[in-house]
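Colleague: Structure, please.
(one chain, ligands or ions: 1)
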Amino acid sequence: MTPIYQTSTYVQKSPGDHKGYEYSRTHNPTRTQLQNALAALENGKHGLCFASGMAAVDAIIKILKPGDEVISTNDLYGGSYRIFTKIFQNYGIKFHFTNMGNLANVEELVNDKTKMIWVETPTNPLLNIIDIKGCAAIAKKHNILLVADNTFATPYLQTPLDLGADIVMHSLTKYMGGHSDVVMGAIIVNDDDLHQQLSFIQNSCGGTPGPQDCFLVLRGLKTLHLRMERHCQNGRQVAEFLRNHPKVEKVYWPGFEDHNNHEVAREQMRDFGGMVSFDLKSNKAEDVISVLENFKFFALAESLGGVESLCGHPATMTHASIPPAERIKAGLSDSLIRLSVGVEDAEDLLGDLEQALA
Ligand SMILES: Cc1ncc(COP(=O)(O)O)c(C=O)c1O
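Modeller: The predicted model follows:
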């Protein structure tokens with residue numbers, strides 16, 4: 001097994017004469033192994049790891065300059081929305097948010113200053129599907145970088161670099177780590193120049209992970225395919241159960257034929273994943289809270305992608321940083337419940353849903 005190189009520095013034979021490692025912010029052998037494994041999984045040439053998914057987002061936006069513009073989706077993960085609008089907007093970068101399910105909306109926003117298209121698919125928490133190949137065609141036509149946040153799908157379900165993306169980004173905290181015991185992020189690219197720019201930012205800004213955490217993610221990756229298969233099977237059962245439940249208004253899961261862009265999901269994904277969101281028929285706050293408090297197997301917690309099932313209330317938890325009016329406009333209601341369906345026995349999960357809804 002890859003050793004955990006728990007060291008900050010490396011002995012040199014003579015000044016500058018070292019064995020490839022000088023200082024662990026720059027390089028660490030455990031991290032190198034993980035970076036290589038991530039590049040292999042995404043069919044990319046280079047991988048880079050960061051101390052969190054947000055540190056990876058931060059590094060990518062630092063490629064840009066004041067005056068540059070970015071187009072992204074209007075139901076983006078709340079933390080990405082926050083760093084874009086509350087941090088980088090102050091540095092002169094402009095962000096546009098639109099419904100990217102319809103590519104005409106993307107093309108309409110492109111101008112001379114557009115330098116990046118930022119895709120998250122499936123989106124968090126409405127599981128909207130964005131056509132990566134279609135976005136890549138727009139990006140190539142206008143010489144724009146295409147970034148894909150592949151956190152929800154993982155390379156087991158979708159490999160954006162193969163579909164024309166320039167940069168893949170991950171919160172490894174989720175399915176890739178898979179056990180809710182580590183916070184980490186990653187970037188994967190093919191282009192050598194882009195890799196050089198991003199590794200310069202990684203080393204200069206210093207948002208790098210420690211070797212123990214890299215070891216944990218390496219271990220998680222070994223079962224990614226097994227876990228994802230089970231997440232997908234359980235996700236399907238939960239989605240179908242909820243869709244037939246009298247107290248449920250709407251279920252968001254890309255595997256339904258009437259889900260927006262279902263055909264695109266079929267085309268670009270191997271299966272539909274383990275994330276399922278749903279709206280209750282009742283939008284009384286006390287009813288939503290009661291369901292969330294009464295789950296026994298679904299633990300009420302932020303995050304997703306671990307082997308154990310979690311439930312959350314995006315309006316007050318993961319997406320609280322999005323202004324209510326914009327949140328509602330994007331279809332993210334106060335009664336929306338998000339489930340990260342784990343790998344437990346499906347009957348236990350369905351039983352838990354039944355009793356919590358009752
Ligand atoms: C889609 C998506 N991108 C990025 C992030 C941020 O990652 P991290 O929490 O590891 O910083 C998250 C976290 O929930 C996420 O769901």
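
Colleague: in the stretch 251-358 of the chain, which ranges drop under the pLDDT threshold?
Modeller: Applying pLDDT under 70 to the stretch 251-358 of the chain flags no residue at all.

Colleague: One more pass at 80, please.
Modeller: 318, 321-322 (pLDDT under 80).

Colleague: Can you show me the strands along it?
Modeller: Using DSSP state E, counting those that start in this stretch, the strands of the stretch 251-358 of the chain run over 275-280, 299-300, 310-312, 336-340.

Colleague: quick one: Met176 from Tyr91, how far?
Modeller: Met176 sits 29 Å away from Tyr91, going by CB to CB, to the nearest Å. C-betas here are computed from N, CA, C, even on glycine.

Colleague: related to what we said a few turns ago, adding mean neighbour count and distance to the ligand, write the strands of the stretch 251-358 of the chain out as a markdown table.
Modeller: Converted to a markdown table, the strands of the stretch 251-358 of the chain look like this (neighbours: other CB atoms under 10 Å; distance: least, CB to the nearest ligand atom, whole Å):
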| stretch | mean neighbour count | distance to the ligand |
| --- | --- | --- |
| strand 275-280 | 24 | 10 |
| strand 299-300 | 15 | 15 |
| strand 310-312 | 22 | 10 |
| strand 336-340 | 25 | 10 |
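
Colleague: quick one: which of Met176 and Tyr91 has more around it?
Modeller: A count of neighbours by other CB atoms under 10 Å puts Met176 above the other of Met176 and Tyr91, at 28 against 12.

Colleague: Pull the contacting residues for the closest residue to the ligand within the stretch 51-200 of the chain.
Modeller: Of all residues in the stretch 51-200 of the chain, Gly53 sits closest to the ligand, at 2.2 Å by CB to the nearest ligand atom. Applying CB atoms under 8 Å, 6 or more residues apart in numbering to Gly53 gives the contacts 79, 151, 169-174, 183-185.

Colleague: now do Gly164
Modeller: So Gly164 contacts 132-133, 135-137, 139-140, 146 (CB under 8 Å, 6+ apart).

Colleague: if I look at it, how far off is Gly185?
Modeller: Relative to Gly185, and taking CB to CB, Gly164 is found at 22 Å.

Colleague: so what's the residue nearest to Asn111 when sequence neighbours are not counted bridging to?
Modeller: Spatial nearest neighbour of Asn111, chain neighbours left out: Glu69 (6.9 Å); criterion: CB to CB, 6 or more residues apart in numbering. Glu69 has the following beta-bridge partners by DSSP bridges: Lys94, Thr114.

Colleague: Based on its surroundings, how many neighbours for Glu69?
Modeller: Glu69 has 18 nearby residues by other CB under 10 Å.

Colleague: That one contacts Gln89, correct?
Modeller: No. Here Glu69 does not reach Gln89: they are 11.0 Å apart, not a contact under CB atoms under 8 Å.

Colleague: Can you check which residues contact both of those two?
Modeller: Phe95.

Colleague: quick one: Met169 is in a strand?
Modeller: Yes. With DSSP: H, G, I helix; E, B strand; the rest coil as the criterion, Met169 is located in a strand.

Colleague: quick one: contacts for it?
Modeller: Met169 touches 53, 56-57, 60, 147-151, 185-187, counting by CB under 8 Å, 6+ apart.

Colleague: Fine by me, we can end here.
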